[in-house]
Each structure stands twice: as structure tokens, then as C-alpha cells.
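[1] generate a structure from the sequence data that follows.
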Amino acid sequence: MRRVNVRTILGVHPGLILAALDVLGLAIALYLSVVELQGGVPVCGPIHGCEEVARSEYSRIAGVPVAVLGVVLSLVLLTLALAWWRTDLYALLLAHYGLSLAGVIFEAYFMYLQVFVIGAVCIWCTSYGLSLVARFVVALVVWLRGAPTTA
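    This next block holds a predicted model:
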């Protein structure tokens, strides 16, 4: 396995930045999962749309709440980010990048469904999607900087 010297972002290892974003996404997905599994709908405050999205046929895939899939994805991404931070194995960054890209693609599709099919937008779902975009962008920036020299 190839270890690389990692260039920091603002003095911080990018793996820690990814981990922080992963924890944020995990917290959002956990909230949505707990509410969904208890049969409720997320509280959106003055912004409406969460109830419609949560009760739509698109809130589950093969009977599994989409939020639960978000928990699984966030846990995997968090594990990859922390492992990359500890080991500097470039393959772990690439795995995080690929999975976060897949998540962003799904979130784009889910946003399309919310806006054009369901006719309502869930602020929690959108926040989770933004956390995925941020994770993808950080991994992309590191990847675009090029594989650093071997340690």
C-alpha cells in the first residue's frame, strides 16, 4: 500500500476536515433515521416540506429509509477519513472520494425528486446533501493537488 506525505489545508490534515464533515452528516442522518423509524416526521420549523418528503414513496429504497442509508454511508466515510488521517494511505482518500461522489450523485437525484416530483424540499435532507458536497469537494481538492510524493 502506498503512503504519501499529505499537504495540510489551513494547517489541518484534510482527513480531519473530512472526519468533521462526516460527523456532521452522520448527526443529520441519525436524526432523520430515528424520527423515521419511530414513525414521525422531521421538524422543519417555519420551513415546510419535510413532512411531504418523509411521507413520500421516495423516502425509502426497498423498504429501507433513505436516512438509514445516509447513516451507513456517513459511518463508512468517517471510518475512511480517520483511517486516512492515521495512515496516510492514498487508497483510503480515493475510496472516500469515490463514495462521496456516489453520494453526491444520489443527492442530486433526490433533490430532483424533491423539487420536480414530490413538490417539496426537506431542509434536513438538503443539509445532509450539502455536507456530502462539502466532503466531496475537500476530497476533490486533495486529489487535484495530485498524489504527493511518496514518504
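
[2] isn't Leu92 right next to Arg86, touching?
    No: using CB atoms under 8 Å, Leu92 makes no contact with Arg86, being 9.2 Å away. Any C-beta I mention is one placed from the backbone N, CA and C, and that applies to glycine too.

[3] so for these two, which residue has more residues nearby?
    For Leu92 versus Arg86, neighbours defined as other CB atoms under 10 Å are more numerous around Leu92 (20 against 11).

[4] which residues does that one contact?
    Residues in contact with Leu92 (CB atoms under 8 Å, 6 or more residues apart in numbering) are Leu80, Ala81, Ala83, Trp84.

[5] where does the first one fall, helix, sheet strand or coil?
    Leu80 falls in the helix class when you classify it by DSSP: H, G, I helix; E, B strand; the rest coil.

[6] any idea of the pLDDT on it?
    We have a pLDDT of 97 for Leu80.

[7] you'd agree it is up against Leu99?
    Yes: between Leu80 and Leu99 there is a contact at 7.3 Å, judged by CB under 8 Å.

[8] who's more crowded, the two?
    Neighbour count, other CB under 10 Å: between Leu80 and Leu99, Leu80 has more, with 26 against 18.

[9] nearest residue to the more buried one other than its sequence neighbours?
    His96 (4.3 Å; CB to CB, 6 or more residues apart in numbering).

[10] in whichever helix or strand that neighbour is part of, what's buried?
    Per DSSP states H and E: His96 is located in helix 90-112. Across helix 90-112, burial judged by 16 or more other CB atoms under 10 Å covers 90, 92-97, 99-100, 103-104, 106-107, 110.
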